[in-house]
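In: Show me how the following folds:
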Amino acid sequence: MTRRLVIVSNRVPAVKERSAAAGGLAVAVRDATARRRKLWFGWSGRTTLRQTSRNVPSVTRVGWADLATIELSEEDYSGFYVGFSNSTLWPLLHYRSGLTEYRRRDLACYLAVNVAFAEALVPLLEPDDLVWVHDYHLIPFGAALRARGSPIRIGFFLHVPFPPPEIFAILPRWEELVRALDAYDVIGVQTPQDAAHLNQAMAAAAVAPRAEAIPVGIDPSSFAALARRAAQGRDPLRLAQSLGGRALVLGVDRLDYSKGLPQRFRGFASLLQRFPEHHAKVTMLQIAPVSRGEVAQYRALRRELDELVGRVNGEHAEFDWNPLRYLTRDVPRQTLAGFYRLARVGLVTPLRDGMNLVAKEYVAAQDPADPGVLVLSRFAGAAEDMAGAVLVNPVDPDETAEALHAALTMGIEERRSRWQQMMVAVERTSAAAWAESFLARLEGEAVPLARRRSFA
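Out: Residues are numbered from 1 along each chain as shown. Down below sits the predicted model:
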């Protein structure tokens with residue numbers, strides 16, 4: 001019988017997220033592990049006045065998994081999530097050391113919440129379970145589980161980039177976090193560069209290097225089918241009608257400074273300034289749901305984007321044409337699929353990204369007979385396999401403008417050729433291939449005890 005898979009992540013997807021704007025992790029894991037019995041454990045997204053360590057998990061059975069959730073105390077939400085995870089680790093892992101904020105109490109809270117999570121999960125475990133831990137919020141979770149006597153197989157996957165060790169060493173007590181990785185039997189990251197950086201950090205911390213590049217993907221065939229159906233839905237048809245025959249440039253990202261949105265808007269403005277033939281012939285739609293609004297840098301980013309949108313439209317709009325449309329609310333995944341299929345250009349230009357599944361979804365959604373063009377940052381993990389994309393350095397607005405011009409004027413034969421190259425890569429690195437590859441390693445031989453430090 002197939003062993004049960006226990007997925008551990010900071011957030012457990014809400015039931016409604018299965019068919020709406022679910023995050024990349026939720027979509028990839030759900031699509032890739034459909035045939036396995038699963039328990040998904042993590043934070044419910046709710047806070048409480050009680051201490052986190054006193055909260056008992058709530059277990060809900062849904063069609064595709066059992067969901068076990070725990071609430072965070074308000075103090076732990078501030079220190080673990082807003083503080084160390086998203087004000088310290090997130091910017092540092094995305095090479096943004098200047099935005100990194102560090103407080104000792106936040107690190108203490110981060111470590112304590114990982115212990116509380118481990119203590120809450122232990123009673124739910126079965127002897128033959130496979131435990132798959134996800135992302136930077138839970139780096140020390142495996143060590144906390146080992147310290148409670150768990151001998152089962154535990155793997156860890158980092159969805160975000162891992163910077164050069166010289167950057168990561170800016171973090172006080174960085175060795176403590178890297179040594180905690182020794183608790184894991186398998187460690188996966190998105191790209192060979194991420195693996196090289198993490199293995200260098202592990203070696204420097206006297207931990208046996210074992211990070212491997214196992215790129216995450218999507219289910220391309222199901223997403224392509226979704227896009228075909230969605231293109232005839234109400235909202236995509238409304239969008240098409242509103243364009244009035246103009247080409248659509250589409251961006252879809254969380255509102256986050258790692259996504260390069262100010263640079264993207266400046267690049268689009270440069271297109272309109274330098275290539276007047278596109279005036280009133282193209283519309284850009286940027287969908288950027290607000291996230292982490294309690295973090296000061298995100299509030300400042302939203303103000304900057306609001307100002308940029310007003311400036312671009314004020315300088316270039318006509319009475320019957322706004323060149324830049326900007327939404328800061330969630331859009332259902334099915335609707336997005338229809339928008340992708342409609343877009344002549346998919347504009348994916350993060351300053352740094354672990355993978356970026358939007359790039360893969362855009363490719364999968366295209367009409368093979370008349371595909372759009374992907375303009376992609378060379379700093380996205382997806383660029384590793386996307387030979388058919390038009391690659392850009394998003395810091396240079398003129399380079400982005402030139403790429404957009406090339407995409408908007410590209411002939412049908414070149415568009416088809418580029419799309420076919422990318423579709424082959426998207427199918428090869430699918431969500432199923434990612435999960436099968438990682439889980440095959442996790443079900444393999446354990447890391448010898450002699451190579452693993454004690455966490456008792």
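In: Which segments of this structure make up each domain?
Out: Domain ranges of the chain: 5-214, 220-428, per automatic domain parsing.
In: For Trp434, find the nearest of those domains.
Out: Comparison of the domains of the chain against Trp434 by CB to CB identifies domain 5-214 as nearest, at 6.0 Å. Glycine gets a C-beta too; all of them are placed from N, C-alpha and C.
In: Give the buried residues for stretch 377-387.
Out: Under the neighbour-count criterion of 16 or more other CB atoms under 10 Å, stretch 377-387 has 377, 379-386 buried.
In: Mean confidence (pLDDT) on that stretch, please.
Out: Stretch 377-387 carries an average pLDDT of 96.
In: And for that stretch, what's in contact with it?
Out: Residues from elsewhere that reach stretch 377-387, judged by CB atoms under 8 Å, 6 or more residues apart in numbering: 161, 190-192, 194, 215, 260, 348-357, 359-360, 363, 374, 376, 389, 391-394, 421-422, 425-426, 428-429.
In: re earlier: make CSV from the domains of the chain and add distance to Phe438 to it.
Out: Formatted as CSV, the domains of the chain follow (distance: least, CB to CB, whole Å):
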stretch, distance to Phe438
domain 5-214, 5
domain 220-428, 14
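In: Look up the pLDDT of Asp31 for me, please.
Out: Here, the pLDDT recorded for Asp31 equals 60.
In: Sorry, wrong one. I was asking about Ser222.
Out: Looking at Ser222, its pLDDT is 93.
In: elements contacting the longest helix along the chain?
Out: In the chain, assigned by DSSP state H, the helix with the most residues is helix 296-316. Contacts defined by 3 or more CB pairs under 8 Å, 6 or more residues apart in numbering; DSSP states H and E place helix 296-316 against helix 261-274, strand 324-327.
In: ok so, going back, can you list which of the buried residues of stretch 377-387 are found in helices?
Out: Within these, no residue falls in helices by DSSP H.
In: so what secondary structure elements neighbour the top strand by length along the chain?
Out: Criterion DSSP state E: the longest strand present in the chain is strand 38-48. Contacts defined by 3+ CB pairs under 8 Å, 6+ apart place strand 38-48 against strand 5-11, strand 66-73, helix 104-121.
In: Looking at the ones you listed, which is nearest to Gln286?
Out: Of the helices and strands packed on strand 38-48, nearest to Gln286 by CB to CB is strand 5-11, at 24.3 Å.
In: hmm, who's touching stretch 323-335?
Out: So stretch 323-335 is contacted by 19-22, 27, 226, 229-230, 233, 235-236, 252, 255, 265, 268, 272, 282-290, 302, 305, 309, 312-313, 316-317, 339 (CB under 8 Å, 6+ apart).
In: for that stretch, which positions count as buried?
Out: Within stretch 323-335, the residues that qualify as buried are 323-326, 330-335, counting by 16+ other CB under 10 Å.
In: Dihedrals phi and psi, the residue lying farthest from the centre of the chain?
Out: Computed with CA atoms, centre = their mean, the residue of the chain farthest from its C-alpha average is Phe319, at 37.7 Å. As for Phe319, its main-chain torsions (degrees, to the nearest 10) stand at phi -60, psi -20.
In: pLDDT value on it, please?
Out: Looking at Phe319, its pLDDT is 96.
In: and after the helix or strand where Phe223 lies, which helix or strand comes next?
Out: Using DSSP states H and E, Phe223 falls within helix 220-230. Where DSSP H and E defines the elements, the next helix or strand beyond helix 220-230 is helix 234-243.
In: And the contacts of that following helix?
Out: Residues contacting helix 234-243 (CB under 8 Å, 6+ apart): 230, 248, 283, 285, 335, 338-339, 341-342.
In: other SSEs contacting the helix or strand following that helix?
Out: As assigned by DSSP H and E, the chain's next helix or strand after helix 234-243 is strand 247-252. Strand 247-252 sits against helix 261-274, strand 282-287, helix 333-342, strand 345-348, helix 397-408, with contacts defined as 3+ CB pairs under 8 Å, 6+ apart.
In: before we move on, the earlier item: highest mean neighbour count out of the helices and strands packed on helix 296-316?
Out: Ranked by mean neighbour count, these are led by helix 261-274 with a mean of 22 (mean count of other CB atoms under 10 Å).
In: Pull out the CA atoms of stretch 123-130 and give them to me as PDB.
Out: In PDB, the C-alpha atoms belonging to stretch 123-130 read as follows (Å, rounded to 0.1, in the frame of the first residue of the first chain):
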ATOM      1  CA  PRO A 123       0.200  12.800  17.700                       C
ATOM      2  CA  LEU A 124      -1.200  12.800  14.200                       C
ATOM      3  CA  LEU A 125       1.700  10.800  12.600                       C
ATOM      4  CA  GLU A 126       1.600   7.200  11.600                       C
ATOM      5  CA  PRO A 127       4.700   5.000  11.800                       C
ATOM      6  CA  ASP A 128       5.200   4.700   8.000                       C
ATOM      7  CA  ASP A 129       4.400   8.300   7.000                       C
ATOM      8  CA  LEU A 130       6.500  10.400   4.600                       C
END
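In: Measure how far it is from the centre of its chain, please.
Out: On the basis of CA atoms, centre = their mean, to the nearest Å, stretch 123-130 sits 28 Å off its chain's mean C-alpha point.
In: low-scoring stretches of the protein, by residue?
Out: Applying pLDDT under 70 to the chain picks out residues 1, 15-32, 445-456.
In: at 80 what do you get?
Out: Residues of the chain meeting the criterion pLDDT under 80: 1-2, 14-35, 52-55, 63-64, 292-295, 445-456.
In: Would you enumerate the residues in contact with Leu342?
Out: Applying CB under 8 Å, 6+ apart, we find Leu342 in contact with 231, 236, 239-240, 248, 250.
In: My read is that Trp419 contacts Ala365, right?
Out: No. Look at Trp419 against Ala365 with CB atoms under 8 Å: they stay out of range, at 10.7 Å.
In: the more surrounded of these two?
Out: For Trp419 versus Ala365, neighbours defined as other CB atoms under 10 Å are more numerous around Ala365 (27 against 22).
In: For that one, list the residues it contacts.
Out: Residues in contact with Ala365 (CB under 8 Å, 6+ apart) are 223-224, 226-227, 337, 340-341.
In: quick one: Glu71 and Gln51 touch, right?
Out: No. In this structure, Glu71 is not within contact of Gln51 by CB under 8 Å, at 10.3 Å.
In: Looking at these two, which is more packed in?
Out: Ranked by neighbour count (other CB under 10 Å), Glu71 and Gln51 place Glu71 first, with 21 against 13.
In: chain center to stretch 226-244, what's the gap?
Out: Its chain's C-alpha centre and that of stretch 226-244 lie 26 Å apart, by CA atoms, centre = their mean.
In: swap in stretch 409-417?
Out: The answer for stretch 409-417 is 29 Å, by CA atoms, centre = their mean.
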